[in-house]
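Asks: this is the structure alone, sequence omitted:
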(Lines give C-alpha, C1' and ligand atoms only; values in the text may rest on other atoms or scores of the structure.)
Protein backbone atom coordinates (compact mmCIF):
# COMPACT_ATOMS: atom_id res chain seq x y z
CA UNK A 1 0.00 0.00 0.00
CA UNK A 2 1.42 3.40 -0.97
CA UNK A 3 1.65 6.27 1.51
CA UNK A 4 -1.08 8.91 1.50
CA UNK A 5 -0.38 11.89 -0.79
CA UNK A 6 0.58 15.12 0.94
CA UNK A 7 0.75 18.77 0.01
CA UNK A 8 4.21 20.36 -0.03
CA UNK A 9 4.57 23.06 2.63
CA UNK A 10 6.88 25.31 0.60
CA UNK A 11 3.96 27.07 -1.16
CA UNK A 12 3.17 30.79 -1.12
CA UNK A 13 2.07 32.57 2.07
CA UNK A 14 -1.10 33.85 0.42
CA UNK A 15 -3.10 33.29 -2.76
CA UNK A 16 -6.14 34.76 -4.54
CA UNK A 17 -9.45 33.58 -3.09
CA UNK A 18 -10.90 32.59 -6.48
CA UNK A 19 -7.81 30.52 -7.26
CA UNK A 20 -7.86 28.79 -3.86
CA UNK A 21 -11.54 27.83 -3.86
CA UNK A 22 -11.07 26.41 -7.36
CA UNK A 23 -7.87 24.56 -6.38
CA UNK A 24 -9.55 22.81 -3.41
CA UNK A 25 -12.48 21.76 -5.64
CA UNK A 26 -15.24 23.95 -4.19
CA UNK A 27 -15.97 25.16 -7.76
CA UNK A 28 -15.66 23.30 -11.03
CA UNK A 29 -13.91 26.11 -12.92
CA UNK A 30 -11.88 29.12 -11.89
CA UNK A 31 -14.15 31.40 -13.88
CA UNK A 32 -17.14 30.08 -11.88
CA UNK A 33 -15.24 30.81 -8.66
CA UNK A 34 -14.45 34.35 -9.84
CA UNK A 35 -18.08 34.89 -10.88
CA UNK A 36 -19.25 33.78 -7.42
CA UNK A 37 -16.86 36.29 -5.85
CA UNK A 38 -18.05 39.10 -8.12
CA UNK A 39 -21.66 38.17 -7.35
CA UNK A 40 -21.12 38.55 -3.61
CA UNK A 41 -21.50 34.83 -2.82
CA UNK A 42 -18.03 34.49 -1.24
CA UNK A 43 -17.08 36.04 2.11
CA UNK A 44 -13.62 35.98 3.69
CA UNK A 45 -13.57 36.57 7.45
CA UNK A 46 -17.07 38.07 7.28
CA UNK A 47 -16.38 40.58 4.47
CA UNK A 48 -17.53 40.19 0.87
CA UNK A 49 -14.54 39.10 -1.22
CA UNK A 50 -13.43 40.20 -4.65
CA UNK A 51 -11.72 37.52 -6.78
CA UNK A 52 -8.21 38.88 -6.15
CA UNK A 53 -8.51 39.11 -2.36
CA UNK A 54 -5.66 37.20 -0.73
CA UNK A 55 -6.33 34.34 1.69
CA UNK A 56 -3.93 32.96 4.28
CA UNK A 57 -3.99 29.91 6.53
CA UNK A 58 -6.57 30.39 9.28
CA UNK A 59 -8.98 32.52 7.21
CA UNK A 60 -12.68 31.59 7.25
CA UNK A 61 -14.38 31.43 3.84
CA UNK A 62 -18.18 31.28 3.48
CA UNK A 63 -19.52 30.28 0.07
CA UNK A 64 -23.18 30.41 -0.93
CA UNK A 65 -23.76 28.11 -3.90
CA UNK A 66 -26.99 26.47 -5.08
CA UNK A 67 -28.80 27.59 -1.94
CA UNK A 68 -26.30 25.84 0.34
CA UNK A 69 -23.77 27.63 2.52
CA UNK A 70 -20.30 26.10 2.83
CA UNK A 71 -18.05 27.26 5.65
CA UNK A 72 -14.38 26.31 5.33
CA UNK A 73 -11.21 27.27 7.17
CA UNK A 74 -8.00 27.61 5.12
CA UNK A 75 -5.53 25.01 6.42
CA UNK A 76 -2.94 25.23 3.62
CA UNK A 77 -2.57 27.60 0.69
CA UNK A 78 -2.28 26.03 -2.77
CA UNK A 79 -2.39 27.56 -6.24
CA UNK A 80 -2.77 24.53 -8.51
CA UNK A 81 -5.80 22.24 -8.64
CA UNK A 82 -5.09 18.96 -6.88
CA UNK A 83 -6.83 15.64 -6.37
CA UNK A 84 -9.66 15.26 -3.88
CA UNK A 85 -7.62 13.52 -1.12
CA UNK A 86 -5.00 16.28 -1.18
CA UNK A 87 -7.63 19.04 -1.42
CA UNK A 88 -9.29 17.68 1.72
CA UNK A 89 -6.03 18.27 3.62
CA UNK A 90 -5.99 21.95 2.62
CA UNK A 91 -9.24 22.93 4.34
CA UNK A 92 -11.32 22.31 7.44
CA UNK A 93 -15.00 21.96 6.57
CA UNK A 94 -17.29 23.59 9.17
CA UNK A 95 -20.41 23.53 6.99
CA UNK A 96 -23.73 22.79 8.69
CA UNK A 97 -25.28 19.44 7.80
CA UNK A 98 -27.67 19.46 4.82
CA UNK A 99 -31.39 19.71 5.63
CA UNK A 100 -33.26 16.45 6.15
CA UNK A 101 -35.76 15.08 3.65
CA UNK A 102 -38.65 16.03 5.93
CA UNK A 103 -37.55 19.68 5.96
CA UNK A 104 -37.07 19.74 2.19
CA UNK A 105 -40.49 18.14 1.66
CA UNK A 106 -42.20 20.74 3.86
CA UNK A 107 -40.88 23.68 1.82
CA UNK A 108 -43.47 25.09 -0.58
CA UNK A 109 -42.72 24.61 -4.27
CA UNK A 110 -44.40 26.10 -7.30
CA UNK A 111 -45.68 23.83 -10.02
CA UNK A 112 -43.37 23.56 -13.01
CA UNK A 113 -44.44 26.02 -15.69
CA UNK A 114 -46.58 28.08 -13.30
CA UNK A 115 -44.59 31.21 -14.10
CA UNK A 116 -43.68 34.03 -11.75
CA UNK A 117 -45.67 34.52 -8.56
CA UNK A 118 -48.33 37.20 -8.70
CA UNK A 119 -48.45 40.09 -6.29
CA UNK A 120 -51.19 38.26 -4.40
CA UNK A 121 -49.02 35.11 -4.17
CA UNK A 122 -46.09 37.17 -2.83
CA UNK A 123 -48.29 38.82 -0.20
CA UNK A 124 -49.57 35.43 0.96
CA UNK A 125 -46.04 34.07 1.14
CA UNK A 126 -44.86 37.11 3.11
CA UNK A 127 -47.78 36.76 5.51
CA UNK A 128 -47.04 33.06 6.08
CA UNK A 129 -43.38 33.77 6.74
CA UNK A 130 -44.18 36.56 9.21
CA UNK A 131 -42.84 39.40 7.07
CA UNK A 132 -44.96 42.52 6.84
CA UNK A 133 -44.84 45.15 4.14
CA UNK A 134 -46.08 47.93 6.42
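Replies: Cool, got the structure. Nothing here was measured: the structure is a model prediction, and the numbers come from that model.

Asks: can you pull out the helices in the protein?
Replies: Under the criterion DSSP state H, the chain contains helices at 17-23, 30-38, 84-89, 101-106, 119-128.

Asks: pLDDT at residue 21, what is it?
Replies: Per-residue confidence at residue 21 stands at 95 (pLDDT).

Asks: what does the one 5 residues further on give?
Replies: In this prediction, residue 26 carries a pLDDT score of 93.

Asks: then the one 5 residues further on?
Replies: Looking at residue 31, its pLDDT reads 95.

Asks: look up how far residue 37 lies from it.
Replies: 11 Å (CB to CB, to the nearest Å). In short, each C-beta sits where N, CA and C put it, glycine included.

Asks: these two - which one has more neighbours?
Replies: Taking other CB atoms under 10 Å, residue 31 and residue 37 do not tie; residue 37 has more neighbours (24 against 12).

Asks: so what's that one up against?
Replies: 17-18, 49-51, 53 (CB atoms under 8 Å, 6 or more residues apart in numbering).

Asks: thanks a lot, see you next time.
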